[in-house]
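Enquirer: I would like the atomic coordinates for the input below:
(2 chains)
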2 protein chains.
Amino acid sequence: MASDPIAELVQLFARLPGIGERTAARLAYFVLGTDPHYAKSLAQALEHLHERVRRCELCGNYGSRARCEVCLDPRRESRVLCVVARVQDLNAIERAGGFRGRYHVLHGLLAPLEGVGPEQLKVNDLIARIGSEGVEEIIVATPLSVDGEATSMYLAQVLKPTGVHLTRIASGVPHGGDLEFTDQITLGRAFDGRREL
Amino acid sequence: MASDPIAELVQLFARLPGIGERTAARLAYFVLGTDPHYAKSLAQALEHLHERVRRCELCGNYGSRARCEVCLDPRRESRVLCVVARVQDLNAIERAGGFRGRYHVLHGLLAPLEGVGPEQLKVNDLIARIGSEGVEEIIVATPLSVDGEATSMYLAQVLKPTGVHLTRIASGVPHGGDLEFTDQITLGRAFDGRREL
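Expert: The predicted structure is shown next:
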């Protein structure tokens, strides 16, 4: 055959994080062996994913409109901004429920070797928000990993001149830990114990 | 929003075997964060999967035509049939390379409680092939699990009257296996199936 549809699907599945060749094959055969309606549904969910999911023009959170639910919520405190690397981290903080401010999603961390610099993370947008929204405190909630810390230190450097009150979430989050998978109590403590940058 | 496209994708991913809610979320955010071309490619690979992949009308193997590559190969021995539960098992045997006969894929195992009986496994098609293709030996290569053994015993029952030579793949200590760490059932089978040296 010109192109093998099963091999093609296996290859594509294998590009997902944590999915090796063997697991990819198992998934492909599962899809093939199950009701064709499932493959169609998954195809449709993927086909228009990037068109249906919009990035909030203000904070970068995912949503269906120009501005996300958090930014549109008038009860949210606009003077406190929490900077996160990924939308998953924002969701984790929302699930913990203690934070009532707004967010800024970097959609990544500084990684100069991979070509991710301040421009890719739209740090200028963050600086611009301080003035336009009257931000008084910025809580840096990038992960407690090497890249997360480096990004935090970089942000401290460029944000200090603006005079904004800069804080970093406390080290209640375990070293090398992932915000998405941190339990609510630990996340809450990390917010309570934030220190001056 | 009326329906959340991310939540939808997470739910669909979570239906894949071995993928829990958290992994599904991680996959969904990965797809969202990566080049949209990837989501489109995966969507396309899934959209027409069931139309592009055909089951061989003879043996049930996957392929792009009415008959599969194995059944179309004139060098394959038609007098020996190997019965397997899944196409993945057929592929594993093909990779091993020693078998030169043809196959019969059941696409499942007997599971009366889940409504999988002889009709679902198309056992009649298998019986019909014995006469139409001059099959002399049938090697039952269903897995050595409870369901695989039950299916094997059922096949023995219905195939014996046809007079075909019926065999079952050997069960024993695997290649490189350590006797100390081999389970009791496997060891018992290894003793029962001992051969003359």
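Enquirer: gap between the two ends of stretch A:133-148?
Expert: Start-to-end span of stretch A:133-148 (Cα to Cα, to the nearest Å) is 25 Å.
Enquirer: That stretch close to chain B?
Expert: No - using Cβ under 8 Å from any Cβ of the partner chain, stretch A:133-148 stays clear of chain B, with a minimum separation of 14.5 Å. For glycine as for every other residue, the C-beta is placed from the backbone atoms N, C-alpha and C.
Enquirer: Rounded mean pLDDT for that stretch, please.
Expert: Taken as a whole, stretch A:133-148 has an average pLDDT of 91.
Enquirer: ditto for stretch A:69-76
Expert: pLDDT averaged over stretch A:69-76 gives 95.
Enquirer: Show me how far that stretch is from its chain's centre.
Expert: Stretch A:69-76 has its C-alpha centroid displaced from the chain centroid by 18 Å (Cα atoms, centre = their mean, to the nearest Å).
Enquirer: contacting residues around that stretch?
Expert: With contact meaning Cβ atoms under 8 Å, 6 or more residues apart in numbering or on different chains, stretch A:69-76 is reached by A:C56, A:L58, A:C59, A:N61, A:G63, A:R65, A:L90, A:E94, A:R100, A:G101, A:R102, A:Y103.
Enquirer: Who are the contact partners of the spatially most central residue of chain A?
Expert: By Cα atoms, centre = their mean, the mean C-alpha position of chain A lies nearest to A:R86, the distance being 1.0 Å. Under the criterion of Cβ under 8 Å, 6+ apart, the neighbours of A:R86 are A:V105, A:L106, A:H107, A:G108, A:E180, B:Y29, B:G33.
Enquirer: okay, the contacts of stretch A:69-76 in TSV with pLDDT and neighbour count next?
Expert: As requested, the contacts of stretch A:69-76 are exported to TSV (pLDDT from 0 to 100; neighbours: other Cβ atoms under 10 Å in any protein chain shown):
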residue	pLDDT	neighbour count
A:C56	95	22
A:L58	94	19
A:C59	95	24
A:N61	96	22
A:G63	92	20
A:R65	91	12
A:L90	95	27
A:E94	93	14
A:R100	93	10
A:G101	95	18
A:R102	96	24
A:Y103	96	26
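Enquirer: Neighbours of A:L113, how many?
Expert: 5 (other Cβ atoms under 10 Å in any protein chain shown).
Enquirer: now A:E47
Expert: As a burial measure, A:E47 scores 17 neighbours (other Cβ under 10 Å).
Enquirer: from memory it sits against B:A39, does it?
Expert: Yes - A:E47 sits in contact with B:A39 when judged by Cβ atoms under 8 Å, with a separation of 7.3 Å.
Enquirer: Using the record's assignment, carve chain A into domains.
Expert: When chain A is parsed with automatic domain parsing, its domains come out as A:5-52, A:74-196.
Enquirer: weakest of the ones you listed by average pLDDT?
Expert: Among those, domain A:74-196 scores lowest, with a mean of 88.
Enquirer: And the helices in chain A?
Expert: For chain A, the helices defined by DSSP state H cover A:5-13, A:21-33, A:36-47, A:49-52, A:69-72, A:87-96, A:123-133, A:146-159, A:184-192.
Enquirer: Which residues are in contact with A:A150?
Expert: By Cβ under 8 Å, 6+ apart, A:A150 lies in contact with A:L109, A:L110.
Enquirer: now, the most widely separated pair of the contacts of stretch A:69-76?
Expert: Spatial extent of the contacts of stretch A:69-76 (Cβ to Cβ) is set by the pair A:R65 and A:R100 at 21.4 Å.
Enquirer: How far off centre is stretch A:56-72?
Expert: 13 Å.
Enquirer: correction: stretch A:140-159
Expert: 14 Å.
Enquirer: Next: stretch A:119-137.
Expert: The chain centre lies 17 Å from the centre of stretch A:119-137; the measure is Cα atoms, centre = their mean.
Enquirer: Name the residues of it that come out as buried.
Expert: A:L121, A:K122, A:V123, A:L126, A:I127, A:R129, A:I130, A:V135 (16 or more other Cβ atoms under 10 Å in any protein chain shown).
Enquirer: before we move on, what about stretch A:160-170?
Expert: A:V164, A:L166, A:T167, A:R168, A:I169.
Enquirer: Off-centre distance for it?
Expert: Per Cα atoms, centre = their mean, the centroid offset for stretch A:160-170 relative to its chain is 20 Å.
Enquirer: I'd guessed A:E77 sits against A:Y103; true?
Expert: No - look at A:E77 against A:Y103 with Cβ under 8 Å: they stay out of range, at 11.3 Å.
Enquirer: doesn't A:L32 make contact with A:I6?
Expert: Yes - counting by Cβ under 8 Å, A:I6 does reach A:L32; the two are 6.8 Å apart.
Enquirer: Look at those two and report which has more neighbours.
Expert: A:I6 (22 against 18).
Enquirer: tell me the contacts of that one?
Expert: A:A28, A:Y29, A:L32, B:V53, B:Y62.
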